[in-house]
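J.: build me a model from this:
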Amino acid sequence: MNIGTAIKNLRQQKGLKQTDFAVKCGLSQSYLSSIEKGRKEPTLSILKQIANALSIPMPVLVFLSLNRDDVAESKQDAYDMLEPSIKGLISDVFIS
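T.: Take a look at the predicted model:
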C-alpha cells in the first residue's frame, strides 16, 4: 500500500500544485511532501482532510493506494482482473 503515491497521483491528475494543495488540506507543504514521499504516515483525520480536498470518498483514496502485494495471494488473480476496470470507473466518476 502506498498512500503517498496515490495522493500525489490524484493531486497531479487534478492539476494541483503541491503548495496549493497543502493549503487546501490545511497542511504544511513540507508535511504533505513527506506523506507523498512515504516518509510520514497520515492519520485517519489527515486522510479525511486530503480526501475531502480531492473531492473523493476516503475509501476510494485507500483503494487507489493498494498494490497487488496488499491482497492475499489466493485473491491476486481476481485483483489483477478487476483492478483496471475499477480504477477506470473511479477515474471516470471522481477524477475526470
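J.: in the helix or strand where Ser30 lies, what counts as buried?
T.: Assigned by DSSP states H and E, Ser30 belongs to helix 29-36. In terms of neighbour count (16 or more other C-beta atoms under 10 Å), helix 29-36 has its buried residues at Leu32, Ser33, Ser34, Ile35, Glu36. Using the backbone N, CA and C atoms, a C-beta is placed for each residue, glycine as well.
J.: by contact count, what packs against the following helix or strand past that helix?
T.: Next along the chain after helix 29-36, taking DSSP H and E as the criterion, comes helix 44-54. In terms of contacts (3 or more C-beta pairs under 8 Å, 6 or more residues apart in numbering; DSSP states H and E), helix 44-54 is packed against helix 3-13, helix 18-25, helix 58-64.
J.: CA atoms only: put the longest one into CSV for me.
T.: As requested, the backbone C-alpha atoms of helix 3-13 are provided in CSV (Å, rounded to 0.1, in the frame of the first residue of the first chain):
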residue,chain,number,x,y,z
ILE,A,3,-1.0,6.1,0.1
GLY,A,4,1.6,8.8,-0.6
THR,A,5,1.9,7.9,-4.2
ALA,A,6,-1.9,7.7,-4.6
ILE,A,7,-2.3,11.2,-3.1
LYS,A,8,0.4,12.6,-5.4
ASN,A,9,-1.0,11.0,-8.5
LEU,A,10,-4.6,12.2,-7.7
ARG,A,11,-3.3,15.7,-6.9
GLN,A,12,-1.4,15.9,-10.2
GLN,A,13,-4.4,14.4,-12.2
